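>>> What follows is a predicted protein model with its sequence.
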Amino acid sequence: MHDPQEAFVEEIEEGVGRIMADIGYSGEWVLEVPPEGMGFRALPCFPLASALKKAPGEIASDIAGRYSGDMTISETAGPYVNFSIGGTALGRKTLECLEGMGPRYGSLPSTGMSILLEHTSANPNGPLHVGRTRNPIIGDTMARILRFAGDDVTTEYYVNDVGKQVAILVWGTDNAPSDLPPAETDKADHVRVRAYQWANSRMEDDPAVASEIESLIDGVEAGDAGTISHFAGIVKPVLDGMLQSLARLNITYDSFINESQFIVNGDVVDVVNGLKKSPIAAEEDGAWFLDMEGLVHGRSTKFVFARSSGTSLYTTRDIAYHKDKLARAEALIDILGEDHKLQATQLGHALGELGEERRPEVVFYSFVSLPEGKMSTRKGVVVYMDDLIDEAVELAREEVESRRPDIDETKKAEIAEAVGVGAIRYNMIRVQSEKKIVFKWEEALNFDGDSAPFAQYAFARASSIIAKGGKDVSWKVFEPDNEEARFLEVISRFPSVVRDCAETRRPYRMAGYVHDVAVAFNQFYRDCKVIGSDREEERLVLVKAARTVLGNGLDLLGIPHPDQI
RNA sequence: GGGCCCGUGGCCUAGCUGGAUAGGGCGCCAGCCUUCUAAGCUGGAUGUCCGGGGUUCGAAUCCCCGCGGGUCCGCCA
């Protein structure tokens, strides 16, 4: 019902399993997806050779000879047994799933698992820059995929409203002269980052400023209500500005939680007291730490959780936050930059010391840098996300202007926005998260090939054919010809790709699949005339299938897909 | 000094639980718009899979040693 490939895979696995028992092989074996044109699944027989004391080729032909299935057939190919699906069974099965699932094709049944996924959580001290964009894009895409794969997901933004960066922002906002260079927009994140940058340079020059900022932090740490609400008043507009930019990328959150909460409600004190009881806890000059000798590597293995001054640390608050999250969901996923790797393992051990069995699962990503080096909001060496979006939308706007002079201005603007935003999201998600990205304008603004516009364009083509068909296309199961079956094979992979992305927590693979579908559809478009052909009704169903899968795939990537582009 | 991640044609990238000719994309060259949107399609050139050892019937994939890049090892966040 959900996955057209499932029944075939099961039949092959059962059949092969029986043969393995018959020939007395109890070792490992796996089915793999063979290269293009060699069937549906393959069984390499090399691993069986030494156990059975026979040549792989001989074993392969033996297994192929013994195999029998209702829907699948086997064939020897040297040391491999290749399994193929007889006739058009896969195509028909795919059409059946499409008919049964309709617009939800690709989604998986509910797992009943509640997942709290924390992402972004950027300090609210200025506009998001391109480097900070990778986190929300990975997080939001992951959330969309997990939901589609049946998990019950809540996304959360942990607002750092009490840290040093924010204190610098607050001091700057309170003390900045009125003649600071004005921002190019009136968005609060852009306006107030000027005060933040100014405060940073003042702090470096003047120790008195540094100590004023320190005392602000102490006020918050002490749980002083006045200081906390003063902070909140300054942070709120900045955070709103950041959220506005994220919303433009179709990224929103189910929940927000303030870091200050854990100071105010006493959770941090509980964590500190709990950790002090740990057998690996120790005191040194009035500060408390966990000695993680043997658990972590580096110059120091001490994990400090209480300062000699008695105030808490970011990491301690983070432990309190994770305990809180653990109480709210069955599983936790955090999206973090690779610079947080050590902290994540320290956090895990600390939770263990507090008697917590579960651990947050972490998806790490490497940084996005500029060709000239690291980005820094403080130094102003940045490409702001807002500027990148504006630039992408503007470029898309010029494209639309020259390609589609026929449509009205509102429509053009809508398409430009969709293409610009899509290009950015696609470009940021398509690469495996552990690879670093060097930001280059020409790549970020690429509208050809392996890009969002490529897939959006295919979607629009599909939409336009259906519109031209003139009537509602209803799903139906029919006998596909060769070209059609080839296309349906790509469509049949969607549910298993969703499962793979969700289970391995690798959202970037969805981008690759969407690209494959667009390529397959473009070929189908070239080879198979739809409107006016004698297979018009059947082919319209395939176009609808393409539109459904492309649409759902783009939704999973958070990329808009207008019907015309 | 130590830990973790990355290193694939000029550029970006998939493949990495070892297996059938290393997939894509950008760029380059040559074609295709009286045919459902050419942001498309077809064909072509371009690869010491960072280097060296090892394990194996077989290594881009596993192990060891290097090299290059990233990142971390604060009573900062």
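Arrived safely. Residues are numbered from 1 along each chain as shown, chains lettered A, B, ... in the order given.

>>> Just the endpoints, please. Distance across stretch A:285-298?
22 Å (C-alpha to C-alpha, to the nearest Å).

>>> swap that for stretch A:61-72, please
First-to-last residue span, stretch A:61-72, C-alpha to C-alpha: 16 Å.

>>> If we go by neighbour counts, what in it is buried?
Within stretch A:61-72, the residues that qualify as buried are A:61-64, A:67, A:69, A:72, counting by 16 or more other C-beta atoms under 10 Å. Backbone N, C-alpha and C define where each C-beta goes, glycine included.

>>> Can you tell me what sits against the lowest-mean-pLDDT helix or strand in chain A?
Ranked by mean pLDDT, DSSP states H and E, the weakest helix or strand in chain A is helix A:46-52, scoring a mean of 83. Helix A:46-52 is contacted from outside by A:23-25, A:27-29, A:54-56, A:59, A:79, using C-beta atoms under 8 Å, 6 or more residues apart in numbering.

>>> what pLDDT, on average, does stretch A:6-21 get?
Stretch A:6-21 carries an average pLDDT of 93.

>>> Centre of the chain to it, how far?
Centroid displacement of stretch A:6-21 relative to its chain, using C-alpha atoms, centre = their mean, to the nearest Å, is 33 Å.

>>> got it, and stretch A:334-353?
For stretch A:334-353, the distance to the chain centre is 19 Å (C-alpha atoms, centre = their mean).

>>> same question, stretch A:15-23
Distance, centroid of stretch A:15-23 to centroid of chain: 40 Å (C-alpha atoms, centre = their mean).

>>> Repeat that for stretch A:553-561.
12 Å.

>>> hang on, the earlier thing: okay if I get the buried residues of stretch A:61-72 as CSV plus distance to A:Ala350, pLDDT and secondary structure?
Formatted as CSV, the buried residues of stretch A:61-72 follow (distance: C-beta to C-beta, whole Å; pLDDT from 0 to 100; DSSP: H, G, I helix; E, B strand; the rest coil):
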residue, distance to A:Ala350, pLDDT, secondary structure
A:Ser61, 58, 92, helix
A:Asp62, 56, 92, helix
A:Ile63, 52, 93, helix
A:Ala64, 55, 93, helix
A:Tyr67, 53, 94, coil
A:Gly69, 53, 91, coil
A:Thr72, 51, 94, strand
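
>>> Go through these and name the one nearest RNA strand B.
A:Ala64 (11.4 Å; C-beta to the nearest atom of the strand).

>>> Go through chain A and flag its longest helix.
Longest helix in chain A, counting residues (DSSP state H): helix A:225-248.

>>> what comes up buried for that one?
A:227-228, A:230-232, A:234-235, A:237-239, A:241-243, A:245-246, A:248.

>>> quick one: which of the contacts of helix A:46-52 sit in helices?
Those of those lying in helices (DSSP H): A:56, A:59.

>>> what's around the residue of the stretch 301-450 of chain A found nearest RNA strand B, how many residues?
When scored by C-beta to the nearest atom of the strand, the stretch 301-450 of chain A has A:Gly449 as its residue closest to RNA strand B, at 1.9 Å. Using other C-beta atoms under 10 Å, A:Gly449 has 9 neighbouring residues.

>>> ok, now how distant is it from A:Pro507?
According to C-beta to C-beta, to the nearest Å, A:Gly449 stands 20 Å off from A:Pro507.

>>> can you check A:Leu354 too?
Taken as C-beta to C-beta, the span from A:Leu354 to A:Pro507 is 31 Å.

>>> neighbour-wise, which of these two wins?
Using other C-beta under 10 Å, the more surrounded residue of A:Leu354 and A:Pro507 is A:Pro507, with 25 against 17.

>>> Can you tell me the element the nearest residue to the more buried one once chain neighbours are set aside falls in?
Counting by C-beta to C-beta, 6 or more residues apart in numbering, A:Pro507 lies nearest to A:Thr141, which is 4.2 Å off, once chain neighbours are set aside. Assigned by DSSP states H and E, A:Thr141 belongs to helix A:130-148.

>>> cool, and A:Arg499?
helix A:494-504.

>>> What residues of that helix count as buried?
In helix A:494-504, counting by 16+ other C-beta under 10 Å, buried: A:494-502.

>>> That helix to helix A:130-148, inter-axis angle?
Between helix A:494-504 and helix A:130-148, the angle comes out at 120 degrees (axes from the mean of the first three to the mean of the last three C-alpha atoms, to 10 degrees).
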